[in-house]
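A.B. asks: quick check, what structure comes out for this input:
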Amino acid sequence: MGKRYYCDYCDRSFQDNMHNRKKHLNGVQHHRAKKAWYDNFRDSAAILNDEQEKKPCRKFLQKGICDFGSNCRFSHMTDEDLFNLKRQVEDERQHREDSEDRIMPGRSIEEWLSRREKKRAALSSKGDLKTEEDSDEGQAENDTLQQLLSIPDLPPSLLPPPGSGWKVNMNTEWG
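C.D. replies: You can find the predicted model right below:
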């Protein structure tokens, strides 16, 4: 029977050849299905911005239905829908700001890295002498380490060593 092409956007398959694929990919139905798919992932602020720029659809406001549906160039949102969307955008913004404040309460990673580098340089120049100041910085460093661990998909080079230390394989021959 030959190869078939399946379009995930349109949930449709057809015989795969250059003419059929080009005809399908340039078709109105495919473009609408693709746009609808990507619209599912738009954030609330972008949707609100687009809806506020549109004029209200008179047919939708009068009859409650529009022949163009989601393809209508006018807004089908009522004032109440717009108000709820504004509130949702504001809640998301507030939540994002709150989570940023919790992750980095007044210290940036750059500041932590520069402090760490200065501390290492000072330790290497004067030996391994520790002071009370170093222990205070050690506590702050530990707090920052916890903040770093809260970042998802942290590279292995930034993960702390295990409590028992790194395993050393003595059977490995070098050279």
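A.B. asks: and the chain, what are its domain boundaries?
C.D. replies: Following the TED database, the chain resolves into domains at 1-41, 43-122.
A.B. asks: spell out, range by range, the helices that occur in this structure.
C.D. replies: Remark: helices assigned in the chain by DSSP state H are 18-25, 28-39, 44-53, 58-63, 79-103, 109-126, 132-149.
A.B. asks: got those as JSON lines, with mean neighbour count columns?
C.D. replies: The C-beta positions use only the backbone N, C-alpha and C, and glycine is treated the same way. Compiled in JSON lines, the helices of the chain are given as follows (neighbours: other Cβ atoms under 10 Å):
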{"stretch": "helix 18-25", "mean neighbour count": "12"}
{"stretch": "helix 28-39", "mean neighbour count": "13"}
{"stretch": "helix 44-53", "mean neighbour count": "13"}
{"stretch": "helix 58-63", "mean neighbour count": "12"}
{"stretch": "helix 79-103", "mean neighbour count": "12"}
{"stretch": "helix 109-126", "mean neighbour count": "11"}
{"stretch": "helix 132-149", "mean neighbour count": "12"}
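A.B. asks: out of the ones you listed, which comes closest to Arg73?
C.D. replies: Proximity to Arg73, assessed across the helices of the chain by Cβ to Cβ, is greatest for helix 44-53 (10.6 Å).
A.B. asks: can you give me the angle the closest one makes with helix 28-39?
C.D. replies: Between helix 44-53 and helix 28-39, the angle comes out at 120 degrees (axes from the mean of the first three to the mean of the last three Cα atoms, to 10 degrees).
A.B. asks: low-scoring stretches of the chain, by residue?
C.D. replies: 1, 99-107, 126-149, 166, 169-175 (pLDDT under 70).
A.B. asks: recalculate using a threshold of 50.
C.D. replies: Within the chain, the ranges that satisfy pLDDT under 50 run 129, 132-134, 136.
A.B. asks: on that earlier part again, closest one to Lys3 among the helices of the chain?
C.D. replies: In terms of Cβ to Cβ, the element of the helices of the chain nearest to Lys3 is helix 18-25, at 10.5 Å.
A.B. asks: packing partners for the closest one?
C.D. replies: strand 4-7, strand 12-15 (3 or more Cβ pairs under 8 Å, 6 or more residues apart in numbering; DSSP states H and E).
A.B. asks: determine the set of other helices and strands touching the last one.
C.D. replies: Counting by 3+ Cβ pairs under 8 Å, 6+ apart, the packing neighbours recorded for strand 12-15 are strand 4-7, helix 18-25.
A.B. asks: contacts made by it with the rest, please.
C.D. replies: For strand 12-15, contacts defined as Cβ atoms under 8 Å, 6 or more residues apart in numbering pick out 2-7, 20, 24.
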